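# how would this look folded up:
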Amino acid sequence: MQVIENWNPQGTTVYMDGKRYINCIFTECKIVYGGGDVMWENTQFVNCQLVFDAAAQRTVAYLTNLGLLKPPAGVAMPTPPVSSGPN
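Next up, the predicted model:
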């Protein structure tokens, strides 16, 4: 896992997967999480946007379709096909 220390990005897109962040401050960043390993210690997120991608996005859609998560405001979630039951 890549270690990133004392980094303070502002207004950029950051792909979190596969990294360990130590003593970082993310300000107004687009934080993209795809489902991989990520760690942070003593790290702050200030006015950031969280975006799910790849496997993480599919997991959010699955949990939403099961009714375990509320759909994000203004986002249309895919719905599973309707089954007519056994034939």
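# ok but Ala56 is inside a helix, no?
Yes - under DSSP: H, G, I helix; E, B strand; the rest coil, Ala56 sits within a helix.
# give the burial count for it, as a bare number.
Number of residues near Ala56 (other Cβ atoms under 10 Å) recorded here: 18. For every residue, glycine as well, the C-beta is placed using N, CA and C.
# does it touch Tyr33 like I think?
Yes - the criterion here is Cβ atoms under 8 Å, and Ala56 meets it with Tyr33 at 5.1 Å.
# need the residues touching each of the two.
In terms of Cβ atoms under 8 Å, 6 or more residues apart in numbering, Ala56 and Tyr33 are not both contacted by any residue.
# wasn't Thr59 part of a helix?
Yes - counting by three-state DSSP, Thr59 is located in a helix.
# pLDDT weak spots in the protein?
The chain contains residues with pLDDT under 70 at 72-87.
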